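Colleague: With the sequence up front, the predicted model follows.
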Amino acid sequence: MKGIKWTGECAVNLFLLLISTFYLSYSLANYDIGSLRMPEEGFMPMLVGAGSVLISAVLTVQAFRGKGDAQNVKFNISWPRFFLLLGISLAYALLLNTLGYMLASFLFLLAVLRIAGVEGCIKPLCISLGCSVAFYIIFKVALGVMLPSGFLGL
């Protein structure tokens, strides 16, 4: 029997397993699950937590057995673009209440698409507008979620 080789993939998968287990146990301890016919507020967190535990457990076992796929992963990142995306995400979070959901989300998606290299002007504009409106309809209209309206009242 071969010895267990500790790799970065093992550490990451084990960390995700621990976080997933904590998330699942916290949701089970603090929220009512309900039933399939009448789900309560803890039903979806329980499903997400159970799925996360299952997936991360399988990946952790594979990593410790040396059958993970981390050796095939190439980590090639553009640090300026990464920090630009991080800054834009922070600005989105800070300006969401001021600008409102529609305007802030439209500008955020537009900036992300431009940084991602989506060519042209029309395509990023249409995608940003379409996604912002679609998510607004899903969350505000269909689900009744309160979204920030901002200074324009949108």
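Modeller: Sure thing, it's come through.

Colleague: quick check, G66 in a strand?
Modeller: No: under DSSP: H, G, I helix; E, B strand; the rest coil, G66 falls outside any strand and is assigned coil.

Colleague: my read: it touches K5, true?
Modeller: Yes: contact status for G66 versus K5: in contact at 6.3 Å, counting by C-beta atoms under 8 Å. Where you see a C-beta, it was placed from the backbone N, CA and C, and this is true even at glycine.

Colleague: Residue ranges in this structure under the pLDDT threshold?
Modeller: The chain contains residues with pLDDT under 70 at 1-4, 70-75, 154.

Colleague: the helices in it, which residues?
Modeller: All helices of the chain, identified by DSSP state H, fall at 8-30, 43-64, 79-99, 101-116, 122-136.

Colleague: Identify the residues contacting I88.
Modeller: Residues near I88 by C-beta atoms under 8 Å, 6 or more residues apart in numbering: 108, 111-112, 115.

Colleague: From A50, how far off is C10?
Modeller: Distance of C10 to A50, given as C-beta to C-beta, to the nearest Å: 22 Å.

Colleague: Which of these two has more residues huddled nearby?
Modeller: Ranked by neighbour count (other C-beta atoms under 10 Å), C10 and A50 place C10 first, with 20 against 15.

Colleague: For that one, give its distance to A57.
Modeller: Distance, C10 to A57, using C-beta to C-beta: 13 Å.
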